[in-house]
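[1] model the following, please.
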Amino acid sequence: MKKEQTMNLTMLTDFYELTMANGYFVNGMRDRIAYFDMFFREVPDGGGFAIMAGVQQVVDYLKNLHFSKEDVDYLRSRGLFNEEFLQYLATFRFACDVWAVPEGVPIFPGEPILTVRGPVVQAQFVETMLLLTINHESLIATKANRIVRAAAGRPVMEFGSRRAQGADGAVLGARAAYIGGCCGTACTISDRDYGVPAMGTMAHSWVQMFPSEYEAFCAYAREYPHDCTLLVDTYNVLHSGIPNAIRAFDEVLKPMGLRPAGIRIDSGDITYLAKKARRMLDEAGYPDCKICASNSLDEYIIRDMLLQGAPVDTFGVGERLITSSSHPVFGGVYKLSAVEDENGVIQPKIKVSENVAKITTPGFKRLWRLYDRETNKAIADVIALHDEVIDDTKPYEIFDPVHIWKRKKVENFRAQPLQQRLFRHGECVAEEKSLPELREFCREQVNTLWEEVQRFDNPHRYYVDLSHPLWKLKQDMLDTYTY
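    A predicted model of the protein is given here:
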């Protein structure tokens, strides 16, 4: 299930995109073909990789891209724009080619994860929304994947709607978290519109609304006997919460022939409390009653809890997931990489900076991933020129693009292009996967990475290399512009 983008977000753009578009138009560059790449420079939280997400929202945005009469009237009122340009906007039709790495695929710094080719007026204009969309959802999918991996197979629920950065942060954040591996969300609208399973039971206020904790538990058990999970930390987990939960299970569920789903602990030393609670539940005859932990969790807390033997079966993670509070910016950028001359010949472009990390890789490119045929583990990624084909029937040499003496000959490998086409001359050709398919696809793709790359702390640096022709092109252009 997917909600189509119906809100016209065309004007959600940086104002200079419009002033540049007008400038291109009046300078005779309306139809000049340009190439732009989106890439990022740093993996959040110092991790070994990020997760691509937000591609479907990019597709929805571009399919709905148009300027309304109100948009054009507003721009006219600013007094800055050529009237012919405004008439062009009034009859605007998206006409670009777009390629992107599919959602759920691990991605690495410097790689072209999305490429747009088309008239520069259009290809430049869409920058803001493409960055906003991919940056946000990739950030949350990446954080969710870290937390899910820390849980080591135990389900993780996304509980962060009330702490998200606005409505879209909650709704699309839940979608991204599901792709990253979460089993569901507390956000109901994400279930209705995107099919992310909505989950949840009760708040402390439910318990407080009844004369006693025991009566609150019994009322809930009577109303939801087939999925009864009780929140046991409103007053005292061990002295009242667990005893009252066991009593409600005995007196309400057991006569129905039903078993409790679980209990949830939302405060205190959860590791200590979970151990005590597990023993009490087991002794009462409920070894199958699950323990859910919540309360400001993240991947490090979850990892430590499990290392300390916490018998927690599921986790609910809120603010630190939905905001990626430990690293709240993904940092993707969108840079010009090439233009076409009047004869259609591609002319590479490069941005040079004293900050080496900000030097771009020129040209129209293709991203490849090399896999070991025996283990199916990813060996390296290679950024090549668009017309290069990596022949995986014979050995291929990869090398560090900075420390070029570091070389490796790869054999018995499989080469796979990563980007897939989303639009051809403005027409959508993307094939959509369901969210469960994307979630499973993400899990499979992460499993192609070596454990050393998946480490939270000091992960092994995954190789992202340039092909020899692309490396030479970049060096020649650097020589031209720096000497």
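
[2] export the helix or strand harbouring Y88 as CSV, just CAs?
    For Y88, the element it lies in under DSSP states H and E is helix 83-90. Below are the C-alpha coordinates for helix 83-90, written out as CSV (Å, rounded to 0.1, in the frame of the first residue of the first chain):
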residue,chain,number,x,y,z
GLU,A,83,7.5,36.9,-18.4
GLU,A,84,8.4,34.3,-21.0
PHE,A,85,10.0,32.3,-18.2
LEU,A,86,6.8,32.5,-16.2
GLN,A,87,4.8,31.3,-19.3
TYR,A,88,7.2,28.4,-19.5
LEU,A,89,6.5,27.5,-15.9
ALA,A,90,2.7,27.7,-16.5
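
[3] paired strands for the helix or strand that that helix is followed by, with orientation please.
    Moving toward the C-terminus from helix 83-90, the next helix or strand (DSSP H and E) is strand 97-100. If you go by DSSP bridges, strand 97-100 pairs up with strand 114-119 (antiparallel), strand 420-424 (antiparallel).

[4] just these: most buried one?
    With neighbours defined as mean count of other CB atoms under 10 Å, these peak in mean count at strand 114-119, which reaches a mean of 24. From N, CA and C alone the C-beta is placed, and that goes for glycine too.

[5] run the chain-centre distance for that strand.
    For strand 114-119, the distance from its own C-alpha centre to the chain's C-alpha centre is 21 Å (CA atoms, centre = their mean, to the nearest Å).

[6] next structured bit after that strand?
    Sequence-wise, the next helix or strand downstream of strand 114-119 (DSSP H and E) is helix 120-125.

[7] can you name the residues in contact with that next one?
    Residues outside helix 120-125 that contact it (CB atoms under 8 Å, 6 or more residues apart in numbering): 13, 17-18, 20-21, 24-25, 29-30, 32-36, 88, 94-96, 116-117, 339.

[8] now swap in stretch 8-19 and tell me
    Residues from elsewhere that reach stretch 8-19 (CB under 8 Å, 6+ apart): 61, 64-68, 71, 74-75, 80-81, 124-129, 132.

[9] picking up where we left off before, quick one: which of the strands paired with strand 97-100 is nearest S294?
    Among those, strand 114-119 comes nearest to S294, with 35.0 Å by CB to CB.

[10] pLDDT of stretch 160-172, averaged?
    For stretch 160-172, the mean per-residue pLDDT is 95.

[11] give the contact list for P155.
    183-184, 313-315.

[12] so which of those residues is the closest to L238?
    Of all the contacts of P155, L238 sits closest to D313, with 18.3 Å by CB to CB.

[13] what backbone torsions are found at that closest one?
    Main-chain dihedrals, D313, degrees, to the nearest 10: phi -100, psi -30.

[14] do the same with T314
    phi -140, psi 160.

[15] again, but for A415
    phi -100, psi 130.

[16] just the element for the closest residue to V120 other than its chain neighbours, please.
    Excluding the flanking residues, the one nearest V120 by CB to CB, 6 or more residues apart in numbering is A34, at 3.9 Å. Element membership for A34, per DSSP H and E: strand 33-39.

[17] outline the domain layout of the protein.
    According to automatic domain parsing, the chain comprises the domains 15-140+328-482, 141-322.

[18] out of these, which one sits most buried?
    Of all the domains of the chain, domain 141-322 carries the top mean neighbour count, a mean of 19, counting by mean count of other CB under 10 Å.

[19] and that one, how far apart are its ends?
    Domain 141-322 has an end-to-end distance of 9 Å (CA to CA, to the nearest Å).

[20] for stretch 252-264, same thing?
    With CA to CA, one end of stretch 252-264 sits 18 Å from the other.
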